[in-house]
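Undergrad: 3D model of this:
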Amino acid sequence: MSTRRAGEKSPITRSIQVVALLTVLGAASALRGEQEGLLAEGTRALYRGDPVAAGALARKYLKTHPGASAGLVLLARAEVAQGKHLSAYQELRKVLRAEPKSIDALYLLGRVCLLLSQAEHQALYALAPDSARVHQLLAESYQVQHNRAKAEEEYLAASRADPRSVEVLNALGELKRTQFHFDEALAYYSQAAQIEPRNYDSAYGLGVCYLYQEDITRATREFRRALALDPDSAPARLALGDALLRAGQTTEAVAELQAAAALRPDMRQAYTLLARAYRRLGQLQEAEEARKKSDELTQKERAFREEDFSTDGLGTAEVPPSPEANPPVGPEQ
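TA: Residues are numbered from 1 along each chain as shown. From the prediction side, this is the model:
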């Protein structure tokens with residue numbers, strides 16, 4: 001006759017427990033299958049053009065799975081299809097609070113925000129079609145299309161509607177600066193600076209214009225003013241380093257260029273200028289390391305441009321480089 005240790009369960013008891021566990025798991029699996037079926041059915045409803053049914057199925061799923069990302073995303077998609085963009089926005093924000101890296105939610109949120117912004121712009125246009133803001137929005141849309149002539153026309157209309165708009169004056173300054181019309185750009189930036197002396201954009205814009213015109217003293221002054229307003233501006237650090245290098249203040253230039261590279265490790269021109277500065281200081285190993293980094297980033301930029309050409313066929317040949325992306329680099333002295 002076999003004996004069992006205290007607390008040891010009999011084979012019959014164990015069998016009963018196993019059967020009970022399998023029954024529970026089977027029921028849970030069936031329920032899970034049923035619930036997953038709701039998502040699949042809701043997706044099919046969405047694809048056949050019935051967003052109301054899709055939304056109802058998503059809500060049914062969410063009753064048993066509160067806050068489930070899959071259910072919220074399906075509900076958001078159904079609401080977008082019904083034109084309920086604000087509701088969709090709120091559902092997607094719930095997803096991203098729980099899963100900040102949800103690709104589906106981020107993609108849909110981008111679309112929803114675009115739709116919401118278009119609706120607001122249309123409302124603004126209907127309310128005040130000749131306002132400075134409407135002309136500014138139109139100008140910005142033309143800039144995206146690289147239509148500089150129409151962009152300037154709309155910015156000028158915006159400036160006439162609101163002559164003290166610092167944003168519009170700076171935008172006109174940038175438009176002229178990127179076309180290398182520096183005297184006109186300086187005029188716009190100067191107007192903006194007079195209205196709002198503590199404005200980073202006008203200070204930086206003035207500095208870039210002066211730097212292109214080789215007025216190093218004024219350029220240095222404006223870049224220092226820009227950095228006083230935004231110490232973490234990598235473009236301003238780079239441009240100040242460039243100005244100091246042209247002025248022969250090589251050690252001070254290195255400090256600014258190192259700061260720019262630390263803020264923006266992908267800023268190729270920081271390494272180009274650092275290589276030049278290190279050579280002047282006789283630090284040949286550091287110069288070679290900076291040159292290699294500059295060459296590496298140049299290759300990456302070239303590969304990106306080639307991919308850009310191959311995908312959209314537009315290229316950038318007719319678009320002057322933005323000084324923010326490629327601040328001026330002075331000639332080797």
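Undergrad: and after the lowest-mean-pLDDT helix or strand in the chain, which helix or strand comes next?
TA: When each helix and strand of the chain is scored by mean pLDDT, DSSP states H and E, helix 11-47 comes last, with a mean of 54. Where DSSP states H and E defines the elements, the next helix or strand beyond helix 11-47 is helix 51-64.
Undergrad: Which parts of stretch 127-142 count as buried, going by neighbours?
TA: Using 16 or more other Cβ atoms under 10 Å as the test for burial, stretch 127-142 gives 131-139, 142. Backbone N, C-alpha and C define where each C-beta goes, glycine included.
Undergrad: Centre of the chain to that stretch, how far?
TA: 23 Å (Cα atoms, centre = their mean, to the nearest Å).
Undergrad: In helices, which of the buried residues of stretch 127-142 fall?
TA: 132-139, 142 (DSSP state H).
Undergrad: Relative to Leu74, which of those residues is nearest.
TA: For Leu74, the nearest member of these is Leu137. The distance, counting by Cβ to Cβ, is 33.3 Å.
Undergrad: How much space separates that closest one from Pro66?
TA: Going from Leu137 to Pro66 by Cβ to Cβ, to the nearest Å gives 40 Å.
Undergrad: again, but for Glu288
TA: According to Cβ to Cβ, Glu288 stands 60 Å off from Pro66.
Undergrad: Compare neighbour counts for the two and give me the winner.
TA: Taking neighbours as other Cβ atoms under 10 Å, Glu288 and Pro66 compare with Glu288 leading, 13 against 8.
Undergrad: dump the residue contacts of that one.
TA: With contacts defined as Cβ atoms under 8 Å, 6 or more residues apart in numbering, Glu288 is in contact with Ala275.
Undergrad: host element of it?
TA: Using DSSP H and E, Glu288 sits in helix 284-312.
Undergrad: Report the buried residues of that helix.
TA: Result for helix 284-312 [16+ other Cβ under 10 Å]: buried residues 286-287, 290-291, 293-294, 297.
Undergrad: now the helices: where do they sit in the stretch 51-200 of the chain?
TA: For the stretch 51-200 of the chain, the helices defined by DSSP state H, counting those that start in this stretch cover 51-64, 69-81, 85-98, 103-127, 132-144, 148-161, 166-177, 182-195, 200-212.
Undergrad: From the ones you listed, pick the one with the highest average neighbour count.
TA: Between these, helix 200-212 has the highest mean count of neighbours, a mean of 25, where neighbours are mean count of other Cβ atoms under 10 Å.
Undergrad: Counting by contacts, list what it packs against.
TA: In terms of contacts (3 or more Cβ pairs under 8 Å, 6 or more residues apart in numbering; DSSP states H and E), helix 200-212 is packed against helix 166-177, helix 182-195, helix 216-229, helix 234-246.
Undergrad: now the protein, which segments are flagged as low pLDDT?
TA: By pLDDT under 70, the weakly predicted segments of the chain are 1-36, 116-121, 124, 305-333.
Undergrad: From the centroid of it, which residue is nearest?
TA: Against the mean C-alpha coordinate of the chain, by Cα atoms, centre = their mean, the closest residue is Gly110 at 11.4 Å.
Undergrad: May I see the ones in helices among the buried residues of stretch 127-142 organised as a markdown table, with distance to Leu245 added?
TA: Shown next, in a markdown table, are these (distance: Cβ to Cβ, whole Å):
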| residue | distance to Leu245 |
| --- | --- |
| Ala132 | 40 |
| Arg133 | 41 |
| Val134 | 44 |
| His135 | 40 |
| Gln136 | 37 |
| Leu137 | 40 |
| Leu138 | 41 |
| Ala139 | 35 |
| Tyr142 | 37 |
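Undergrad: Name the nearest of these relative to Phe182.
TA: Each of these was checked against Phe182 using Cβ to Cβ; the closest is Ala139, at 20.5 Å.
Undergrad: I'd like to know how far the closest one sits from Asp50.
TA: 41 Å.
Undergrad: Check Leu229 too.
TA: In terms of Cβ to Cβ, Leu229 sits 54 Å off from Asp50.
Undergrad: Over to Leu175?
TA: Note on Leu175: its distance to Asp50, by Cβ to Cβ, is 48 Å.
Undergrad: Tyr188: what's it in contact with?
TA: Shown in contact with Tyr188 (Cβ under 8 Å, 6+ apart): 169-170, 172-173, 176.
Undergrad: Distance to Tyr155 for those - can I get that in JSON lines?
TA: Output for the contacts of Tyr188, formatted as JSON lines (distance: Cβ to Cβ, whole Å):
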{"residue": "Leu169", "distance to Tyr155": "9"}
{"residue": "Asn170", "distance to Tyr155": "10"}
{"residue": "Leu172", "distance to Tyr155": "5"}
{"residue": "Gly173", "distance to Tyr155": "10"}
{"residue": "Lys176", "distance to Tyr155": "10"}
